[in-house]
Structure formats: C-alpha cells, structure tokens
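Engineer: Next come a sequence and a model predicted from it.
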2 protein chains.
Amino acid sequence: MTASWNAPKQERSRRRFDQLLESAAVLFAKHGIDVVSTNHIAEHASIPIGSLYQFFPSKESLLAALIDQYTREMAGAFPAAFDPAVPFEIVVDALIDALIEFDAQHAAFGQLLVHLASPRYTAYVRIMQDVIVTYVELMLGVYFTALNDEQRRRCALVGFGVVKGLSELTGLDRALLATEITTVLIAYVHAFVARETTAGVNDKSGKQ
Amino acid sequence: MTASWNAPKQERSRRRFDQLLESAAVLFAKHGIDVVSTNHIAEHASIPIGSLYQFFPSKESLLAALIDQYTREMAGAFPAAFDPAVPFEIVVDALIDALIEFDAQHAAFGQLLVHLASPRYTAYVRIMQDVIVTYVELMLGVYFTALNDEQRRRCALVGFGVVKGLSELTGLDRALLATEITTVLIAYVHAFVARETTAGVNDKSGKQ
DNA sequence: GTATAACATGAGTTATTGCTCGTGTTTAGA
DNA sequence: TCTAAACACGAGCAATAACTCATGTTATAC
C-alpha cells in the first residue's frame, strides 16, 4: 500500500508521465490490470521501459498514480452544491449522468472499480469508492435529514454497489441502463428512508 | 472459448480431478484468477503438475471445468417450484438465502462473477450469469404476468446486477447486507412493473 | 496372462514478467 | 559558462509463467 511514484519536475517529463498513465489506462481497460505488463505500457506509450521506471518504481506505484489522478479529477466532475428545492430525482439523474461522463473520459474507471473485489488491489481502488460514497452521503444529508450518520453511510454504500453492479452488466443497452439505474436508486432510497425512519419523517424529497 | 478438459475415466483419477478443482477454487477466491498459476494449484492439491495437465490441457480448460461444475450444482441449489400463493417477498428472500448458501459452499463463486467484467474470461463466466438470469425470468413470469419476455429479461438482468454489485461490497456487515439486497430488489421490481405496465395490471405480488 | 489404454511423475523448455543499471543527454540555477 | 540534478535509453537479469515429454505404474478387457 506504500507505493508512491516520482513526480516529474520538468515540463518535458510531465508530458511523458501523463502519457504513460494514459496508456496504462487504455490497456488496463482493454485487457485487465493483471494481464497488462509494464513493458506493454511503455511500448504503447512509445517510451522506453527505463523511463517508465524513472517515474514509477513499480507497477503498483503506477496503479496508485492513476487512481490518484482519477480521484483528484473526480472532485470537479460531480455537481458541487445541492439545492434542496430541486427534486431528489433530478439530482440523482444528474449524478448518474456525471458518472457516465466521467467513465467515458477516464478509460480505466470501470475496470478499476472491478478490482475492488480483487484481493491485490482493493486497498488502492477503495480510495475511489470512498470519494464517491462520501459525496453521496453528503447528498443524502441534504434531502433526508431524518437519517443519522450510520444510516446515510449504509444507504450511500448500497447505492454505490447498485451503480457499480449495474454498470458492469453486459447485454443491456447503455441508454436503457441509465434509466434502470435511476429507477433502482430512487425506489431503494425511498424504501430505505421509509423503513429506517418508521414514517418518512423529514423526507424532503417530494414523495411520501 | 473452445477449452474442454479430459474427464477422468477411473474412480482414482476422479478424486484427483475434483481435488484439483477444489484447490483451484480456493486459490482463485483468495488471490484472483490471473495471479494463481497452474503450478500453485497443483502444489496446493499435492498433485504433480504433469497430472494437472493430464486432465486440463490448459489453464483456461480448468476454469471452464470449474464453471461447468458450478453451473451443474446450481440447478439443485435454488428452490425448484414457484407457488403464486406464496408472497413475492418471501420468494425473493428464499432466493437470496439460497445464493448466500451456494456462495458459502463454492469458494470461487463470487470471484468468478467478478470476472464477468474481465475481458479474458467473460465468455466463460457468462454461463453462470445466464443460468441465474433465466431462473429469475421464470420466477418473474409467475408473479408478474403482465410483463412480456423482453421486460422480464431486462428486470431479471438488473436484479442480477444488483445482487452482484451488493455482494461485492466491502465495509458492510453480511447480515445487514442481505436485508438491503432484499429491500433493493423488492422496491425495484415494484417500481419496474408499475412503470412498464402503466398501472400494475396483473400484478399478483400482493402490493399494488 | 497379457495387451492396451488410462493414469502418474517431475525435470526441463520456452516465453514473458517486473525490474536494474551503466551510460549518455537536457535542463535549470549560479 | 559551468555544474549538479533531472531525465533518457535499452540491453539484459533473475524469477516465474504455462506447458511438454520421456519414462514409469495401474487398471481394464479379453
């Protein structure tokens, strides 16, 4: 877990650094993390293997750097503020759209999340999960003030699991998928709040 | 995808065959499929590497055999008949329990499902997904007669995705997890039926 | 009893992996 | 202009991967 990289200190090398991360992302997405070798990554980026190890002292450190990049860029990718006046359904829709867009812009995003379940890399990928879950917790706090911290966390975590599970489905049209994800989330959150607050008290979502 | 194995023809070798599959399952579950080598599997089973290749001409064929074993054992693991008189909620609960039990009895079940998203193995693991989805389709047909084939398939697939996504969650108590899975599924199916049938016509689940 | 197919065994082959290291080139600061 | 740090480069190394094969040993059929 202590796998840090050597950040480039010149403009020239910063570009090569980014290029390596981009190539890694593309190859990880296409073939899976374990299958892609550092030699492949270097070759895909047209950068000699020695230079790769200049920046990334190990394959793990490359993974860590990629995840670091993704988590930093996540901050700007999601809607920043929640207006309780906007219906909950709309906010959920916006969040799903933002996630889909982020996934499109970040080749390895989906493949990295898959590795939450692969023992070697859980610890690294977990960071991305935490960023998303924390964000959703915050959102739930705005709309469902009756939930306590533990309840918000549990609900957010389950929501994350739902999105992850459905995103990885094959054999379902992408457009239809977004609709179904929204349906599941909305239905679940309402069911959850109703169950946990024994009457949906302080439910500001518009639906009772 | 054409990776078949050499089934043993004597009792003695049948035990060694099963032993190899069991060792593979345990190691796959613990470390991930890509990371575990055929040499490791043979050593864990205390069977020389040459004998492993007697039965399994490739690592892929071993995976195929393991999945074949799992899919065959799945048939007996799930409740066989659906009585429309039994409430839908109860049936869902029973199915989730059966899945949890099956997972406990089959070390690599969860890890295999994870590899639905890993390009190299999708085709193999997909077989297990199909068995489960087809089963759920059948179940939905009993309770929601207003749904057509495509709708049943879509609903079943999403249900599968939900269960898979939530099963892979870390950081949530196993007992709580089962409750949340049930909540999500029930809430979703009702929302889905209401949306697709424009009024929940022929909804025999007890809830409108 | 004997022939044949099925199985058992593990040292060894070839390819690939993550990674090193010696040597040469740029860059930035004084 | 000079110097030290940062970077560029790629042949090559040790470890490990998947897999083979020559040489035995058991079981089964007649």
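Structural biologist: That came in fine, so what should we check first?

Engineer: Convert the C-alpha atoms of stretch A:131-148 to PDB, please.
Structural biologist: What follows is stretch A:131-148, C-alpha atoms only, in PDB (Å, rounded to 0.1, in the frame of the first residue of the first chain):
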ATOM      1  CA  VAL A 131     -14.700   9.600  -2.600                       C
ATOM      2  CA  ILE A 132     -18.000   8.600  -4.300                       C
ATOM      3  CA  VAL A 133     -19.600   7.200  -1.200                       C
ATOM      4  CA  THR A 134     -18.700  10.300   0.900                       C
ATOM      5  CA  TYR A 135     -20.200  12.500  -1.800                       C
ATOM      6  CA  VAL A 136     -23.500  10.600  -1.800                       C
ATOM      7  CA  GLU A 137     -23.600  10.700   2.000                       C
ATOM      8  CA  LEU A 138     -23.400  14.400   1.800                       C
ATOM      9  CA  MET A 139     -26.200  14.500  -0.800                       C
ATOM     10  CA  LEU A 140     -28.500  12.300   1.300                       C
ATOM     11  CA  GLY A 141     -27.900  14.500   4.200                       C
ATOM     12  CA  VAL A 142     -29.500  17.400   2.300                       C
ATOM     13  CA  TYR A 143     -32.600  15.500   1.300                       C
ATOM     14  CA  PHE A 144     -33.200  13.200   4.200                       C
ATOM     15  CA  THR A 145     -32.500  15.000   7.400                       C
ATOM     16  CA  ALA A 146     -34.000  12.300   9.500                       C
ATOM     17  CA  LEU A 147     -31.200   9.800   8.700                       C
ATOM     18  CA  ASN A 148     -28.300   9.600  11.100                       C
END
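
Engineer: what distance separates it from the centre of its chain?
Structural biologist: With C-alpha atoms, centre = their mean, to the nearest Å as the basis, stretch A:131-148 stands 17 Å off its chain's centre.

Engineer: can you pull the buried residues of that stretch?
Structural biologist: Buried residues in stretch A:131-148, counted by 16 or more other C-beta atoms under 10 Å in any protein chain shown: A:132-133, A:135-137, A:139-140, A:143-144, A:147. For glycine as for every other residue, the C-beta is placed from the backbone atoms N, C-alpha and C.

Engineer: Find the centremost residue of chain A, please.
Structural biologist: The centroid of chain A falls nearest to residue A:128 when counting by C-alpha atoms, centre = their mean (5.1 Å).

Engineer: tell me the pLDDT at residue A:80?
Structural biologist: With respect to pLDDT, residue A:80 scores 84.

Engineer: Give the burial count for it, as a bare number.
Structural biologist: By other C-beta atoms under 10 Å in any protein chain shown, 6 other residues sit near residue A:80.

Engineer: Tell me the secondary structure at it.
Structural biologist: Assigned with DSSP: H, G, I helix; E, B strand; the rest coil, residue A:80 falls in the coil class.

Engineer: Just want the residue of chain A that's nearest chain B.
Structural biologist: When scored by C-beta to the nearest C-beta, chain A has residue A:165 as its residue closest to chain B, at 1.7 Å.

Engineer: Secondary structure of that residue: a helix, I assume?
Structural biologist: Yes: the assignment for residue A:165 by three-state DSSP puts it in a helix.

Engineer: can you tell me how far it sits from residue A:52?
Structural biologist: 34 Å (C-beta to C-beta, to the nearest Å).

Engineer: what about the closest residue to DNA strand D within chain A, which helix or strand?
Structural biologist: Proximity of chain A to DNA strand D (C-beta to the nearest atom of the strand) peaks at residue A:50, 1.8 Å away. For residue A:50, the enclosing helix or strand under DSSP states H and E is helix A:49-55.

Engineer: pretty sure residue A:125 is touching residue A:109, no?
Structural biologist: No: Residue A:125 is beyond contact range of residue A:109, at 10.4 Å (criterion: C-beta atoms under 8 Å).

Engineer: how about the residues of chain A that lie near DNA strand D?
Structural biologist: Chain A comes close to DNA strand D at residues A:6, A:8-10, A:12-13, A:16, A:47-51, A:53-54, as judged by C-beta under 7 Å from any atom of the strand.

Engineer: could those residues go into TSV alongside neighbour count and distance to chain B?
Structural biologist: Listed next are the residues of chain A next to DNA strand D as TSV, based on neighbours: other C-beta atoms under 10 Å in any protein chain shown; distance: C-beta to the nearest C-beta, whole Å:
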residue	neighbour count	distance to chain B
A:6	14	26
A:8	15	30
A:9	7	35
A:10	8	36
A:12	8	34
A:13	15	31
A:16	18	27
A:47	18	24
A:48	11	26
A:49	13	21
A:50	8	26
A:51	15	26
A:53	16	22
A:54	17	27
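
Engineer: Could you give the number of residues near residue A:90?
Structural biologist: Other residues lying near residue A:90 total 11 when counted by other C-beta under 10 Å.

Engineer: Leaving out the residues flanking it, which one is nearest to the residue of chain A closest to chain B?
Structural biologist: Nearest non-adjacent residue to residue A:165, counting by C-beta to C-beta, 6 or more residues apart in numbering or on different chains: residue B:165, 1.7 Å away.

Engineer: Report the contact partners of that neighbour.
Structural biologist: Residues near residue B:165 by C-beta atoms under 8 Å, 6 or more residues apart in numbering or on different chains: A:161-166, A:168.

Engineer: between those, which has the most around it?
Structural biologist: Result: residue A:161 is most packed of these (other C-beta under 10 Å), 28 neighbours.

Engineer: That residue is in what secondary structure piece?
Structural biologist: Element membership for residue A:161, per DSSP H and E: helix A:149-167.

Engineer: Between helix B:149-167 and that helix, find me the angle.
Structural biologist: Here helix A:149-167 runs at an angle of 130 degrees relative to helix B:149-167 (axes from the mean of the first three to the mean of the last three C-alpha atoms, to 10 degrees).
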